[in-house]
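Asker: need a structure here:
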Amino acid sequence: MPDGGHLCTEYTLRDLVEVVTAPAPALPNLLSQLLSTFAPHDAVVTLVADTTGASRYGAGDAGIIRGISHFDLDEIGRRTPPGSILTGALELDGESVSTLDVVARNGALLVMVNARPIPGAEATILQIWNIVALRVQELADEATPDYLQLARATSGVRMGALTELADQYSTTLESVLAALRSTALDDKSARSTATGIAAEALVLLRTASDRALTFTEEPVTTAFARLRDDLRPLVRFRDLDVQFVEPPSDGRPLPSEVAHGARAVVRGSILALIDRADVSRVRVKWGCDGTNLLIDIRDDGAAELSDSSTQLHLVRQRIHALGGRMSMETTPGWGTELSMIIPLDPPHATAETAARWDLRPRELEVLHRLISGRRNRAIAEELKISENTVKFHVTSIFRKLGVSSRSEATAVFLAHPLPTG
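Answerer: Numbering: from 1, shown residues only. Alright, predicted model coming up:
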């Protein structure tokens with residue numbers, strides 16, 4: 001095992017190359033193996049921005065991985081600044097376990113559970129994670145833009161289901177409180193105890209809903225700050241002045257897939273602009289009108305950027321996948337300006353959207369209820385048909401959409417609105 005003075009070895013570099021060149025599914029286990037050289041541990045859990053917006057991965061003790069929730073990772077991410085490594089603790093199954101919490105410069109989180117770092121290893125672990133997190137980000141940037149449609153649809157469904165669940169339970173608990181406060185009940189002690197329990201449950205539910213909303217959204221100023229960090233590697237070895245116009249601090253938070261997609265769009269746009277030697281300055285401005293994210297990018301080149309640029313074509317694909325639009329204006333001697341508008345809310349499914357799959361009216365009714373998270377029995381009761389009939393319609397819907405699960409059907413349906421115009 002290396003000592004604190006000689007942490008980076010030829011073997012370390014070789015193993016790091018293996019990690020960053022591995023396919024995404026193999027990356028967590030390979031990363032865990034590499035880090036065990038510097039800090040033996042029981043498990044690693046990561047929360048990274050990838051093709052779904054933000055995903056949780058783990059390697060090591062399966063019980064530990066299952067016991068760490070998204071909310072646990074959210075709390076750790078809040079208290080650990082980007083580009084830092086801190087010691088912490090989590091409660092798992094009633095017992096406290098130690099953690100080594102590592103946040104890369106791009107905001108990706110790595111949690112090492114019961115880590116025993118060798119002296120002087122923390123800095124090396126942080127740099128390794130910075131490199132691996134950047135690779136995960138690049139994999140997302142290189143993915144087909146279609147993933148943004150699926151991420152956007154899944155996000156909309158997830159939050160819709162969460163809101164519906166919160167409303168249902170809030171109504172139930174409020175009804176319980178009203179009943180228990182009734183003077184028709186004689187046992188005051190029992191009523192008081194039950195009221196306290198129900199009130200506490202209601203507070204916890206609302207807190208969980210608020211935290212889930214926060215977790216799936218990113219403040220616009222935070223998203224913009226991460227963009228600035230992302231752009232450093234692009235301009236480090238180029239004499240380029242990138243000017244940033246900060247968005248308003250009170251702007252609406254961005255859904256995670258919009259924040260991730262917008263950063264990828266800006267990175268791609270700048271790569272397209274600086275592909276010309278005459279560009280020495282680029283200005284990046286973000287704004288928010290409450291409904292859309294507004295992006296403006298301008299350079300000081302000779303305005304020779306072609307609309308057929310391969311890099312620019314990929315940018316357009318990503319914008320389209322997010323349901324947005326982009327315009328380009330070139331002025332000889334004044335440079336090129338790219339203006340982008342990305343809606344913050346996912347598209348809504350309509351009856352017209354179903355036409356391409358030849359869904360019948362009853363199948364569309366069933367699909368809308370699948371999207372809202374209802375199970376077969378609830379759908380049967382609402383439509384006043386048998387549960388077996390619902391199963392028949394679900395099978396037909398899956399076949400027509402070419403999917404095998406409810407989540408896939410939901411994502412495909414919401415991600416493919418009919419083209420306009």
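
Asker: does Val111 belong to a helix or a strand, and which?
Answerer: Taking DSSP states H and E as the criterion, Val111 maps to strand 109-113.

Asker: which helices and strands sit right next to that strand?
Answerer: Counting contacts by 3 or more CB pairs under 8 Å, 6 or more residues apart in numbering; DSSP states H and E, strand 109-113 packs against strand 43-48, helix 70-79, strand 95-103, helix 122-142. In short, each C-beta sits where N, CA and C put it, glycine included.

Asker: and the ones you listed: which comes nearest Ser280?
Answerer: Closest to Ser280 of the helices and strands packed on strand 109-113, according to CB to CB: helix 122-142, at 24.6 Å.

Asker: in the closest one, what counts as buried?
Answerer: Neighbour counts using 16 or more other CB atoms under 10 Å place 122, 124-126, 128-130, 132-137, 139-141 of helix 122-142 among the buried residues.

Asker: relative to strand 43-48, how tilted is it?
Answerer: Put simply, helix 122-142 runs at 50 degrees to strand 43-48, going by axes from the mean of the first three to the mean of the last three CA atoms, to 10 degrees.

Asker: orientation of helix 122-142 relative to strand 109-113 in degrees?
Answerer: Inter-element angle recorded for helix 122-142 and strand 109-113: 130 degrees (by the same axes, to 10 degrees).

Asker: which strands and helices sit next to helix 122-142?
Answerer: Packing partners of helix 122-142 (3+ CB pairs under 8 Å, 6+ apart): helix 10-20, helix 27-35, strand 43-48, strand 84-92, strand 95-103, strand 109-113, helix 256-273.

Asker: residues in contact with that helix?
Answerer: Contacts with helix 122-142, where a contact means CB atoms under 8 Å, 6 or more residues apart in numbering, come from 7-8, 12, 16, 19-20, 24, 27, 31, 34-35, 38-39, 48-51, 83-85, 100, 102, 104-106, 108, 110, 112, 117, 147, 230, 233, 260, 264, 267-268.

Asker: what about 6 Å?
Answerer: 7, 19-20, 24, 31, 38, 48, 50-51, 85, 102, 104-106, 108, 110, 264 (CB atoms under 6 Å, 6 or more residues apart in numbering).

Asker: likewise stretch 381-400?
Answerer: Where contact means CB under 6 Å, 6+ apart, the residues beyond stretch 381-400 that reach it are Trp357, Glu363, Val366, Leu367, Asn376, Arg377, Ile379, Ala380.

Asker: at 8 Å what do you get?
Answerer: Counting by CB under 8 Å, 6+ apart, 357-359, 362-363, 365-367, 369-370, 374, 376-377, 379-380, 404-406, 409 sit against stretch 381-400.

Asker: could you report the neighbour count for Thr221?
Answerer: Using other CB atoms under 10 Å, Thr221 is surrounded by 16 other residues.

Asker: ok, now how distant is it from Gly287?
Answerer: 12 Å (CB to CB, to the nearest Å).

Asker: which residues are in contact with both of those two?
Answerer: Counting by CB under 8 Å, 6+ apart, the contacts common to Thr221 and Gly287 are Pro247, Gly251.

Asker: what residues sit buried inside stretch 264-276?
Answerer: Within stretch 264-276, the residues that count as buried by 16+ other CB under 10 Å are Ala264, Val265, Val266, Arg267, Gly268, Ser269, Ile270, Ala272, Leu273, Ile274.

Asker: pretty sure Phe398 is in a helix, no?
Answerer: Yes: the assignment for Phe398 by DSSP: H, G, I helix; E, B strand; the rest coil puts it in a helix.

Asker: what pLDDT does it get?
Answerer: Phe398 is assigned 88 on the pLDDT scale.

Asker: against Arg375, how distant is it?
Answerer: From Phe398 to Arg375 the distance is 16 Å (CB to CB).

Asker: out of those two, which sits in the busier spot?
Answerer: Phe398 (16 against 12).

Asker: let me see the ranges of the helices in this protein.
Answerer: Secondary structure of the chain (DSSP state H): helices located at 10-20, 27-35, 62-67, 70-79, 122-142, 146-180, 188-215, 220-235, 256-273, 310-321, 361-371, 376-383, 387-401, 406-415.

Asker: comparing these, which gets the lowest mean pLDDT score?
Answerer: helix 146-180 (a mean of 55).

Asker: ok, back up a step: kindly give a single ChimeraX line that selects the buried subset of the contacts of stretch 381-400.
Answerer: If you want just the buried ones from the contacts of stretch 381-400 in ChimeraX, going by 16+ other CB under 10 Å, the selection is:
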select :357,359,363,365,366,367,369,370,374,376,379,380,406,409
